[in-house]
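Student: Sequence first, predicted model second:
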Amino acid sequence: MYYEEDFVEEVRRRNDIVDIISSYVNLKRGGSNYVGLCPFHNEKTASFSVSPGKQMYYCFGCGAGGNVFTFLMEYENLTFVEALEQLAERAGMELPAKGNSAEDRRRRDLRDAILEVNKLAANYYFSCLKSDRGKIGYDYLTGRELKPETIVRFGLGFADKNSGELYRYMKSKGYPDAVLKETGLFTYDEKRGAYDKFWNRVMFPILDRNNRVIAFGGRVMGDAKPKYLNSPETLVFDKSRNLYGLNFVHGKQSDGIIICEGYMDVIALHQAGFTNAVASLGTAFTSQHCSLLKRYTDLVYLCYDSDGAGVKAAMRAIPMLKEAGIRVKVIDMRPYKDPDEFMKGLSPEEFSERIKQAKTSFFYEVDNIQKEYDMNDPESKTRFMNEVAKKCLTFDNEIERNNYIEAFAREYGVRTEDFRKLTAYHSARMVGIDYEKRRQERSLNGPKKQEDGIAKSQGIFLTWLSNDPVLFEKTEGIISEADFVDEPYHQVAQMMYEQHRATGKVEPATIISKFQSKEEQSLVAGLFNKELKEISKDTEQQKALNEVVRSIKKYSLEYRSRHITDMKELQSLMEEKKKLQTLQISFK
């Protein structure tokens with residue numbers, strides 16, 4: 001963690017969760033909480049609840065939950081640190097230094113200076129595009145059928161034919177060469193001195209998710225090489241961890257994200273209404289890009305050029321995306337080469353149809369594999385079938401694998417049973433048949449169900465404790481944080497008991513902040529939001545409480561008995577087990 005826990009907690013306290021979430025979701029008062037339609041899944045009946053008392057939210061429909069940090073992380077696709085810094089800025093809080101050494105301060109100052117120069121450069125290029133000097137660039141963009149509002153939306157610009165204009169402009173603003181050298185905007189030569197890296201080019205500013213200009217791409221006017229020139233990597237720009245157009249994508253994209261090859265493809269799609277289009281930045285698609293995309297979607301449409309290079313790029317990207325847990329479909333743009341040409345030749349409506357008709361990655365790969373074989377030659381066709389059978393084994397889910405086996409058999413006129421046998425044959429050859437391992441896996445299913453029941457009991461009791469702290473006193477000497485042996489229940493219980501001993505109350509939002517990933521925060525939030533009736537003096541409620549406590553305690557004692565060898569301690573545990581049979585917790 002970059003910041004001290006006290007600072008994190010102060011940021012959380014200064015940002016009321018109802019105020020934050022109500023700026024994204026229409027909330028209405030419902031008893032002691034606020035309710036609204038969940039922003040993380042489609043629903044018609046409100047199941048999204050925000051608790052001002054607990055300073056947390058929870059959706060009883062999809063299970064999303066957490067505190068104010070979690071919400072921003074999930075909705076805006078931020079890291080914990082990014083959400084923290086955004087909320088600190090909102091609260092007018094000054095961020096403490098992340099490092100105090102001279103080198104740390106130097107790097108922070110340099111990073112800030114690079115961002116300042118990039119912003120100034122973007123404004124400079126934009127103003128140049130609108131001037132007489134930039135007419136050639138503006139005519140090029142309008143000739144590519146870009147509308148004026150699209151040019152403004154993407155902040156497009158022009159780098160003058162004179163290769164020293166930007167450098168002189170930056171020097172007039174007082175920036176030293178020590179900074180300008182690090183921006184990637186200038187070239188330093190012993191003979192020529194310093195001059196602009198980009199000149200006589202239409203400029204494409206590259207923005208990060210916080211809308212900060214981190215780099216540039218430039219398309220040359222004329223036939224000079226290279227056609228496209230991109231910024232080198234700097235302190236603020238890592239091309240394998242950024243995507244062009246991602247700054248326009250907000251929240252989870254249930255309809256997927258479209259990946260293109262170039263700047264103009266992204267811009268053409270956005271202009272046509274497909275604002276979920278992005279592109280890699282002058283580099284091959286990487287696993288880091290996959291990790292970044294996973295924060296936004298579980299579905300990606302590949303919209304690479306329809307030429308040989310585009311097919312190879314798609315074939316490289318598919319396994320990486322699948323490894324990241326992202327479903328992949330491929331859009332067929334033929335007879336057009338790329339999205340830009342497609343929009344000029346057809347229409348947004350036709351592109352929508354192509355999205356609906358997009359092939360799954362499996363059949364896209366199969367179709368390309370088939371091109372390597374002569375389907376009129378029995379031997380070649382057999383090799384093709386064997387290759388596809390092996391590919392079917394990449395599906396871990398048996399139902400999904402069978403669905404693709406059946407779909408392939410229909411598509412290629414093969415008897416389903418024959419192709420299933422071929423797949424089974426390759427499965428036996430590739431991984432073997434380990435009956436003992438399967439037997440052991442089956443034997444684990446029984447205990448797993450028991451553990452799921454114990455997990456439920458632990459979660460229920462933690463919810464009760466957070467709702468009614470009097471239970472700490474009522475169950476003292478009977479159950480403690482040590483009896484929660486599974487994670488994350490054990491860790492959460494420790495924090496709750498520590499809070500109660502220190503302050504006499506429980507603050508769930510503070511506990512959630514101890515976990516940095518939004519998945520962990522959402523899981524912990526669920527522990528405080530089990531759908532339960534309020535604890536009362538009713539006999540049935542007391543019976544339910546006793547059953548839950550008894551279940552947790554019994555599991556705890558069994559767990560401890562498996563990990564001790566001392567006879568005296570074992571006898572003590574047996575005595576505690578006997579007491580469980582007559583355990584009664586009263587509210588009187």
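Tutor: Arrived safely.

Student: For the stretch 101-250 of the chain, just list every one of the strands.
Tutor: Taking DSSP state E, counting those that start in this stretch as the test, the strands found in the stretch 101-250 of the chain are 157-159, 186-189, 193-196, 201-207, 213-220, 228-230.

Student: Name the stretch among those that sits most buried.
Tutor: Ranked by mean neighbour count under mean count of other Cβ atoms under 10 Å, these are led by strand 157-159, which reaches a mean of 29. All C-beta spots, glycine's among them, are computed from the backbone N, C-alpha and C.

Student: what's that strand packed up against?
Tutor: helix 102-129, helix 135-143, strand 201-207 (3 or more Cβ pairs under 8 Å, 6 or more residues apart in numbering; DSSP states H and E).

Student: Point out where the stretch 451-588 of the chain drops to low pLDDT.
Tutor: 451-452, 516-517, 530-541, 560-575, 577-588 (pLDDT under 70).

Student: And the helices in it?
Tutor: Under the criterion DSSP state H, counting those that start in this stretch, helices of the stretch 451-588 of the chain are mapped to 470-474, 489-503, 508-513, 518-527, 539-561, 567-580.

Student: What of the stretch 251-400 of the chain?
Tutor: 263-271, 287-294, 308-323, 339-345, 348-356, 361-370, 378-392, 398-412.

Student: Redo those helices as JSON lines? Include mean neighbour count.
Tutor: Formatted as JSON lines, the helices of the stretch 251-400 of the chain follow (neighbours: other Cβ atoms under 10 Å):
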{"stretch": "helix 263-271", "mean neighbour count": "24"}
{"stretch": "helix 287-294", "mean neighbour count": "18"}
{"stretch": "helix 308-323", "mean neighbour count": "16"}
{"stretch": "helix 339-345", "mean neighbour count": "20"}
{"stretch": "helix 348-356", "mean neighbour count": "14"}
{"stretch": "helix 361-370", "mean neighbour count": "18"}
{"stretch": "helix 378-392", "mean neighbour count": "16"}
{"stretch": "helix 398-412", "mean neighbour count": "14"}
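
Student: which stretches of the chain aren't confidently modelled?
Tutor: 1-2, 97-101, 104, 282-283, 428-452, 516-517, 530-541, 560-575, 577-588.

Student: just so I know, which of the helices of the stretch 251-400 of the chain lies nearest Gly66?
Tutor: Of all the helices of the stretch 251-400 of the chain, it is helix 287-294 that lies closest to Gly66, at 18.4 Å by Cβ to Cβ.

Student: Can you give the distance from the closest one to the centre of its chain?
Tutor: Averaging C-alpha positions (Cα atoms, centre = their mean, to the nearest Å) puts helix 287-294 8 Å from its chain's average.

Student: neighbouring contacts of that helix?
Tutor: 240-243, 246, 257, 259, 280, 300, 320-321, 323-326 (Cβ atoms under 8 Å, 6 or more residues apart in numbering).

Student: on that earlier part again, right, so of the strands of the stretch 101-250 of the chain, which gets closest to Phe80?
Tutor: strand 213-220 (20.9 Å).

Student: Would you mind putting the CA coordinates of that closest one into CSV?
Tutor: The C-alpha trace of strand 213-220 is given here as CSV (Å, rounded to 0.1, in the frame of the first residue of the first chain):
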residue,chain,number,x,y,z
VAL,A,213,-2.0,13.3,-22.2
ILE,A,214,0.8,10.7,-21.9
ALA,A,215,2.0,10.4,-25.5
PHE,A,216,1.4,11.1,-29.2
GLY,A,217,1.0,9.4,-32.5
GLY,A,218,1.6,11.2,-35.8
ARG,A,219,0.6,10.4,-39.4
VAL,A,220,2.9,12.0,-42.0
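
Student: for that strand, packing partners?
Tutor: Using 3+ Cβ pairs under 8 Å, 6+ apart: strand 213-220 touches helix 102-129, strand 201-207, strand 228-230, helix 263-271.

Student: and the shortest one, which strands flank it?
Tutor: This points to strand 228-230. When sheet partners are counted by DSSP bridges, strand 228-230 sits next to strand 213-220 (antiparallel).

Student: quick check: angle from the partner strand to helix 135-143?
Tutor: Comparing the axes of strand 213-220 and helix 135-143 via axes from the mean of the first three to the mean of the last three Cα atoms, to 10 degrees yields an angle of 90 degrees.

Student: contacting residues for Phe154?
Tutor: Here Phe154 is in contact with 204-205, 267, 270 (Cβ under 8 Å, 6+ apart).

Student: And the closest residue to His250 other than its chain neighbours, its phi and psi?
Tutor: Excluding its sequence neighbours, the residue lying closest to His250 (Cβ to Cβ, 6 or more residues apart in numbering) is Glu76, at 6.4 Å. Main-chain torsions, Glu76, degrees, to the nearest 10: phi -100, psi 0.

Student: quick one, what contacts Glu76?
Tutor: Contacts of Glu76 by Cβ under 8 Å, 6+ apart are 83, 86, 209, 250-251.

Student: So which of the residues you listed are in helices?
Tutor: 83, 86 (DSSP state H).

Student: Show me which of the contacts of Glu76 are buried.
Tutor: 83, 86, 209 (16 or more other Cβ atoms under 10 Å).

Student: Closest to Tyr175 out of those?
Tutor: Nearest to Tyr175 among the buried ones among the contacts of Glu76, with distances taken as Cβ to Cβ, is Arg209, at 25.7 Å.

Student: ok, the closest one to Thr475 distance?
Tutor: 46 Å (Cβ to Cβ, to the nearest Å).

Student: Could you do Leu545 as well?
Tutor: 9 Å.

Student: Compare neighbour counts for the two and give me the winner.
Tutor: Leu545 (22 against 19; other Cβ atoms under 10 Å).

Student: what separates the more buried one from Ser551, distance-wise?
Tutor: Distance from Leu545 to Ser551, by Cβ to Cβ: 11 Å.

Student: same thing with Arg327?
Tutor: Arg327 is 39 Å from Ser551, by Cβ to Cβ.

Student: More neighbours: these two, which one.
Tutor: Each of Arg327 and Ser551 had its neighbours counted (other Cβ under 10 Å), and the higher figure belongs to Ser551 (18 against 14).

Student: That one is in contact with Lys456, isn't it?
Tutor: No - using Cβ atoms under 8 Å as the test, Ser551 is too far from Lys456 to be in contact (9.0 Å).
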